[in-house]
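Enquirer: Can you look at this prediction? I've put the sequence above it.
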Amino acid sequence: MNTLNLANLGFAWLPLLPLIAVAVGAAIILLVGVRLEDEDSAGLGILALGVLLVSFVCTLFTIGVNAEAFGGALLTDDYTAFFEIVIQAAAAISVALSLDYAADNGLAGAEYYSLVLFAVLGMMLMAAAGDLIIVFLGLETMSIAVYALAGFVRREARSSEAALKYFLLGAFSTGFLLYGIALIYGATGTVHLDGIRAAIVARAASQPYLELGVGLMVIGFGFKVAAAPFHAWTPDAYEGAPTPITAFMATGVKLAAFASFVRVFMIYLGPAAAQWSGVLWVLAALTMTVGNVVALVQDNIKRMLAYSAIAHAGYALVGMTAAGSAAAVLYYLVAYAFATLGAFAVVIVLERRATAGLRIADYRGLAQTRPGLAAAMTLFMLSLTGVPPLAGFVGKLYVFAAAVDSGHVPLVVIAVINSAISAYYYIGVIVAMYMQEGTPEIEPSGASPGVLIGVAIAALAVVLIGIAPTPYMNAARDAFAAAAGPPAQATAFAR
Amino acid sequence: MPLWLFAFFAIIAVVSALGVILQRHPVHCLLALALALLDIGALFIGLGAEALGFLQIIIYVGAIMVLFLFVIWLLNLQREGLATERIGLKVIGTLAAAALGAELCALLVHAGPAPAAPLPVDYGSLRSLARLLFANYLVAFEVTSALLLAAMVGAIGLARRIPGTNAVAAPPSDVADRLRSAAG
């Protein structure tokens, strides 16, 4: 017992490689960036893209491994790989959107890109976490980086406001999550997810503490995915943050939070589902309704997309109330992420300094001046509404069908009504672009290659994932099945 | 640890934690925080985790609190801003906190003490602490260092001067105004 043996710890390089790649990449960017002016930061962005590519390649090697490492601290299964790839894609598009935005707005380049990579590190840890400590640390690494990024446009009071609000409320909600984790540890005697599930199955867990802990964790996760009534920070934080970071917050942060939320609740707290699925039912109904109804009256496009992001968290929560629909939730999140990234990319094209060009009225006549952009924005809006054959429609179809199958018909009725409401404000943007007269000003930097490539990739993804959903849905199904099954090396725990 | 001693430290912990949020002067808040952290260290020691308790006192009360104090002195905070806070928010916040507190108390009293697990042989020793930190929770330990680095990078990114000017950020009064108008 006096010597430490790495093998006894379950030490394994493979699950660490994608994480090490981004952590080392973040440090390299800091070192390289020391000698660069803020205006020359685009090169660092390219470097960040390279780091994400290396991390992606490392992730490819982990596909199909399905094992746990470090005594269950990290789970290397297809579920982890699925979310790592989607998070890397969302981060890469956000970085592409930042290339000229960061330089033009005088954002500190080295810190900016390295914080994006640190946030990616946290997000990937949340997806890979096999114990609640790693869930918490991943969430904090991600959140701290994103709090700072939200305030990076330092000459704008709005940006500082976004950072401060997000930070204060985020720290507050993390307290709830941590208290929940502590109570679950008290109830089950372990922070390892499979140990917690085993304790619940064996009825060895202290019931009131478990319930309390689960409730507090719902609050913590509810905040991060921006579910009502924990959504109050979202519009201000999304509006004030630099737009590429808003895109990153609306997709990367949400994907990572859901990755953890779905894994912890649907798989490992699944045996205790009776205690939380009712709460999620109410949260889902409330989140959809608040998001969509308030989005109706927004005239700032970033705020409108913020409320849209809240509403979509609600649709994903609908999937979480149904035991059989985890794969549908995964698919839905991917569909949502690409449409949202694309929409924010178009927002960047029209955004001008001093936060002008962000009103929906500023989109009038875009179809005449930039028909390609208007067409792409139309695709994103229609996908978010859920119009066939786009990805958003198929995602909603899968989620709602699964919810109906498990008997949540009233909730699906609410969701469908909400989809109809959402059509009003999404189509409002399309109407402005195609049917109203105006001469939208395009910021030359906004239409930079990075942004346009981002728009193109997102548009392509929204169409492809929509018209040929089967491979993506199968990937999501495999991912969930791998996470729900016992890991190959876990001998202590049998289902 | 006898129950009366635990209750004594527990009451101090709650009172000093309240002191952190209820006092107006930042230095007073900080001293209350130092007391709370010291008290928690005492609780750790009382529960048999001596190494953790002393580390808590040395690192938090000794090092971090002093740094905090330096920062507050360096910033030369004026007594302003807090005077204009909304009374409505305060009432709602107090009510919500009281409701949550009552709920938690009711549940915990109803639940009774959680089942205690048997303690390992060398519980509380530096050796067992080290084994947990550097073996069982190795990944968590390493991730913590990345987390702290990210926090540092973020702080530097936010505090650097804006290129071409002498300013570091938007005027604080602007931010305060925006926060206030949003709060109302």
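Expert: That came through fine.

Enquirer: where in chain A is pLDDT low?
Expert: Of all residues in chain A, those with pLDDT under 70 make up the ranges A:1-9, A:38, A:353-355, A:441-446, A:486-495.

Enquirer: what are the ranges of the strands in the stretch 1-150 of chain A?
Expert: A:67-69, A:74-76 (DSSP state E, counting those that start in this stretch).

Enquirer: Make JSON lines from those and add distance to residue A:292 and mean neighbour count to it.
Expert: Using the backbone N, CA and C atoms, a C-beta is placed for each residue, glycine as well. Formatted as JSON lines, those follow (distance: least, C-beta to C-beta, whole Å; neighbours: other C-beta atoms under 10 Å in any protein chain shown):
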{"stretch": "strand A:67-69", "distance to residue A:292": "40", "mean neighbour count": "22"}
{"stretch": "strand A:74-76", "distance to residue A:292": "35", "mean neighbour count": "27"}
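
Enquirer: what's the closest of those strands to residue A:246?
Expert: strand A:74-76 (30.0 Å; C-beta to C-beta).

Enquirer: now what about the closest one, what contacts it?
Expert: Contacts with strand A:74-76, where a contact means C-beta atoms under 8 Å, 6 or more residues apart in numbering or on different chains, come from A:12, A:14-16, A:62, A:65-69, A:80, A:128-130, A:134, A:483, A:487, B:139.

Enquirer: ok, of these, which come out buried?
Expert: Using 16 or more other C-beta atoms under 10 Å in any protein chain shown as the burial test, these include A:12, A:15-16, A:62, A:65-69, A:80, A:128-130, A:134, A:483, A:487, B:139 as buried.

Enquirer: Can you lay out the strands of the stretch 1-150 of chain A as CSV showing distance to residue A:466?
Expert: Shown next, in CSV, are the strands of the stretch 1-150 of chain A (distance: least, C-beta to C-beta, whole Å):
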stretch, distance to residue A:466
strand A:67-69, 34
strand A:74-76, 30
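
Enquirer: Tell me the spacing between the closest residue to residue A:324 other than its chain neighbours and residue A:205.
Expert: Closest residue to residue A:324 apart from its sequence neighbours, by C-beta to C-beta, 6 or more residues apart in numbering or on different chains: residue A:402 at 5.4 Å. Going from residue A:402 to residue A:205 by C-beta to C-beta, to the nearest Å gives 28 Å.

Enquirer: can you pull the contacts of residue 112?
Expert: As the question left the chain open, I've gone with chain A. A:41, A:44, A:98, A:102, A:149, A:152, B:157.

Enquirer: max-length helix in the chain?
Expert: No chain was given, so I picked chain A. Of all segments of type helix in chain A, defined using DSSP state H, the longest is helix A:157-188.

Enquirer: Oops, wrong one, chain B.
Expert: helix B:87-111.

Enquirer: what's the following helix or strand after it?
Expert: helix B:126-131 (DSSP states H and E).

Enquirer: Which positions within that next one qualify as buried?
Expert: B:128, B:129, B:131.

Enquirer: Out of the residues you listed, which is nearest to chain A?
Expert: Checking the buried residues of helix B:126-131 against chain A by C-beta to the nearest C-beta gives residue B:131 as the nearest, at 8.0 Å.

Enquirer: For residue 140, give me its contacts.
Expert: Here I'm looking at chain A. A:122, A:174, B:147.

Enquirer: my bad, chain B
Expert: Counting by C-beta under 8 Å, 6+ apart, residue B:140 makes contact with A:73, A:131, A:133, A:134, A:137.

Enquirer: measure it to residue A:68 for me?
Expert: 15 Å.

Enquirer: Mind splitting chain B into its structural domains?
Expert: Per automatic domain parsing, the domain ranges recorded for chain B read B:3-121, B:137-184.

Enquirer: Dump those domains to JSON lines, plus mean pLDDT.
Expert: As requested, those are exported to JSON lines (pLDDT from 0 to 100):
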{"stretch": "domain B:3-121", "mean pLDDT": "85"}
{"stretch": "domain B:137-184", "mean pLDDT": "76"}
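
Enquirer: right, so of those domains, which gets closest to residue A:188?
Expert: When these are compared (using C-beta to C-beta), the closest one is domain B:3-121, at 9.7 Å.

Enquirer: what are the ranges of the helices in chain B?
Expert: Under DSSP H, chain B gives helices at B:3-22, B:26-46, B:50-56, B:65-75, B:87-111, B:126-131, B:138-159, B:172-183.

Enquirer: Need the ones you listed in CSV (columns: distance to residue A:215).
Expert: Output for those, formatted as CSV (distance: least, C-beta to C-beta, whole Å):
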stretch, distance to residue A:215
helix B:3-22, 22
helix B:26-46, 24
helix B:50-56, 28
helix B:65-75, 33
helix B:87-111, 9
helix B:126-131, 31
helix B:138-159, 24
helix B:172-183, 27
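
Enquirer: looking at this, residue A:231 is in a helix?
Expert: No - counting by DSSP: H, G, I helix; E, B strand; the rest coil, one finds residue A:231 to be coil, located in no helix.

Enquirer: got the contact list for it?
Expert: With C-beta under 8 Å, 6+ apart, residue A:231 has these contacts: A:287, A:290, A:291, A:310, A:313.

Enquirer: OK, contacts around the first one?
Expert: Same thing as residue A:287. So residue A:287 contacts A:226, A:227, A:228, A:231, A:310, A:311, A:313, A:314, A:317 (C-beta under 8 Å, 6+ apart).
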